[in-house]
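Peer 1: need the 3D shape of this:
(2 chains)
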Amino acid sequence: MSKDSILKNPKNLKRRKLINSVMISLCVLAGLITIIPLIYIFFYTTQSGISSLNLSFFTQLPKPVGEEGGGMANAIVGSLILISIGGLIGIPVGVLSGIYISEYSKSFLASVVKFTTDILSGVPSIIIGIFAYGVIVIPMQRFSALAGGFALGILMIPTITKITEEMLKLVPMSLREASLALGVSRWKTTLKIVLTTASSGIITGILLAIARAAGETAPLLFTAFGNSFWQTNIDQPMAALPLQIFTYAISPYEDWHRQAWAGAFVLIFLVFVVNLLVRFVTRNKFSGNL
Amino acid sequence: MIILAMVFYIALEMFNDSHESRDKFGFGFIFSSEWNPVKEDFGALPFIYGTIVSSIVALLISLPVSIGVAVFLSEIVHKSVRTPISFLIEILAAIPSIIYGFWGIFVFAPFMRTTVQPILESTLGFLPFFQGNMYGTGLLTASIILAIMITPIISAITRDVLKAIPKSQREAAYALGATKWEAIKMALLNARSGILGGAVLGLGRAIGETMAVTMVIGNKAQIVASLFEPAYSMASVIANEFAEASGSLHISALIEVGLILFGVTFIINSLARLLIYSVTRNA
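Peer 2: Below you'll find the model as predicted:
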């Protein structure tokens, strides 16, 4: 279509210019359409969130229905514990797989692992929840923070693997060769030279994965389950911020909605800060290399 | 290695845990529209229907917008505009889905009920898709929220693929006297398999999306043509009923729904990745 028609019909320039400007403006319009919901969601959440955010939100337990006030302190602590468990599982596995894919990229197995990681990143989070339920909740006979953390850990893996891989690829080959030429063994080169050089990038990747895991709700529904009291024992059901938002959001109580907005604001704020940070770090990295 | 083992293990585990339901209902599970936990009679058709319709409508809305954004960012605007906008769109992809759902029920669903649905009914009401009760929540609302959520994914991949198309091709088109749009169109045509891959990946994401859909789709197991009516999706039935499922057969049936969902997303994602690899590998 393209080149032939350009050559054969040089006359209808006016029509072509019209089509050109129509299509270009449609593209600009598409840009606007995409940004509007974002800005709307962002400002709406900030507005409703900040007005209901106060000290007791961070320090108090949820109050029973009908009583004003209360907070999500237990959910915030619960989220922190769940993410820590997730991190213990997700970070080592993710970083090691990333190293494997990047440093041994010529082997067939590495490309299979790469493909599988991509698939894993597309598996719906609720499926991961069912998996954690089958592996941990059924044998333990009760919902627990351990199962929730396990599910979050699996969700973190693909993000961390991907970024580790990309960051390691940015490390110049000559650095590796220099180290190997000095007689340093391969694993020590990888550990001391390559990993250290790429560490800031990998850390941002981990932060990104944590921010994502902090907002995950679906896999926690039937693993960590939620709890309205203080609970720091990891083999018991535990509250989590997104779970609490979900419970409050679908409830009919005005005061709970208000608190859910505050929780949503905390989550969005977290995501925003982490992304800003990642942007900042990766920009320095790329500009150094280009 | 662990990752590899894990993906297989996930599939195996779900296959094992759903044996009770598979033994009892066989393939009829996929085609039955009965879902009655009290009588222990389960069929997944309404959920499959809800998932497919909401995801495909979302894709139809999102695809042209995503391509438009990608072209806008990679071909039209200057770098100083591109950086902040692409950053904003990245954030859009990172917002937790629960927040989309929350925003969906409190802000977007009322807007749908009072503004969008009446307009659609009065203009396109002769179509069966735009008739019926206007609750605000329902298939169409879920689709639009999904569309907002998958646009960043599709447009990011479209941009990557467009970047992989050599600049010299566009320069050749300009040299032959093409307008800007004609040059862009040629790049898009050459990148089509990669864009398709991005679209399929977005579809996979939409199919698996749980929280946002659960909150706005209306959660009613029924099959109707109207997009205004509430429906149910595979992921949301699992989210709603799993923790309080009564018998082991109920849980088993829900896990089988999960297994179908896993199978579908697995196939879709593999397809998408292969398509994207085929374009970006040579870049």
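
Peer 1: can you give me the helices for chain A?
Peer 2: A:2-8, A:13-52, A:55-59, A:73-103, A:108-122, A:125-132, A:138-140, A:145-170, A:173-181, A:186-188, A:195-197, A:199-214, A:241-249, A:254-289 (DSSP state H).

Peer 1: quick one: buried residues of stretch A:88-108?
Peer 2: A:89-91, A:93-103 (16 or more other CB atoms under 10 Å in any protein chain shown). Backbone N, C-alpha and C define where each C-beta goes, glycine included.

Peer 1: low-confidence regions, the stretch 1-150 of chain A specifically.
Peer 2: Residues of the stretch 1-150 of chain A meeting the criterion pLDDT under 70: A:1-11, A:63-71.

Peer 1: how about a cut-off of 50?
Peer 2: Scanning the stretch 1-150 of chain A for pLDDT under 50 picks out A:1.

Peer 1: show me what from the stretch 51-200 of chain A comes close to chain B.
Peer 2: A:93, A:97, A:100, A:109, A:112-113, A:115-120, A:122-131, A:133-135, A:138, A:143, A:154, A:157-158, A:161 (CB under 8 Å from any CB of the partner chain).

Peer 1: whichever residue of the stretch 151-290 of chain A sits closest to chain B and A:Ile245, how far apart?
Peer 2: Closest approach of the stretch 151-290 of chain A to chain B (CB to the nearest CB) occurs at A:Gly215, with a separation of 2.5 Å. Distance, A:Gly215 to A:Ile245, by CB to CB, to the nearest Å: 9 Å.

Peer 1: look up the closest residue to the spatially most central residue of chain A, ignoring the ones flanking it.
Peer 2: In chain A, the centroid-proximal residue (CA atoms, centre = their mean) is A:Arg212; its distance is 2.4 Å. Counting by CB to CB, 6 or more residues apart in numbering or on different chains, A:Thr159 is the residue found nearest to A:Arg212 once chain neighbours are left out, at 6.3 Å.

Peer 1: pretty sure that neighbour contacts A:Ile210?
Peer 2: No: A:Thr159 is beyond contact range of A:Ile210, at 9.2 Å (criterion: CB atoms under 8 Å).

Peer 1: related to what we said a few turns ago, overlap of the contact sets of A:Gly215 and A:Ile245?
Peer 2: Here A:Gly215 and A:Ile245 have A:267, B:98-99 as joint contacts, going by CB atoms under 8 Å, 6 or more residues apart in numbering or on different chains.

Peer 1: for those, which one is nearest B:Ser233?
Peer 2: Nearest to B:Ser233 among the shared contacts of A:Gly215 and A:Ile245: B:Ile98, at 15.7 Å, using CB to CB.

Peer 1: who does the helix or strand where that closest one lies touch, helix- and strand-wise?
Peer 2: Assigned by DSSP states H and E, B:Ile98 belongs to helix B:97-103. For helix B:97-103, the packing partners by 3 or more CB pairs under 8 Å, 6 or more residues apart in numbering or on different chains; DSSP states H and E come out as helix A:13-52, helix A:241-249, helix A:254-289, helix B:139-164, helix B:211-216.

Peer 1: which one of the ones you listed lies nearest to B:Thr123?
Peer 2: Closest approach to B:Thr123 among the helices and strands packed on helix B:97-103 (CB to CB): helix B:139-164, 14.1 Å.

Peer 1: buried residues, the closest one. List them.
Peer 2: Within helix B:139-164, the residues that count as buried by 16+ other CB under 10 Å are B:139-162, B:164.

Peer 1: where does chain B dip in pLDDT?
Peer 2: Chain B contains residues with pLDDT under 50 at B:283.

Peer 1: for it, which helix is longest?
Peer 2: helix B:248-280.

Peer 1: contacting residues for whatever residue of the stretch 151-283 of chain B ends up closest to chain A?
Peer 2: Taking CB to the nearest CB as the measure, the stretch 151-283 of chain B has B:Gly208 as its residue closest to chain A, at 2.6 Å. Contact analysis of B:Gly208 by CB under 8 Å, 6+ apart lists A:122-127, B:235, B:261, B:265.

Peer 1: any idea which of the residues you listed is closest to B:Glu90?
Peer 2: Nearest to B:Glu90 out of the contacts of B:Gly208 is A:Gly122 (CB to CB; 18.2 Å).
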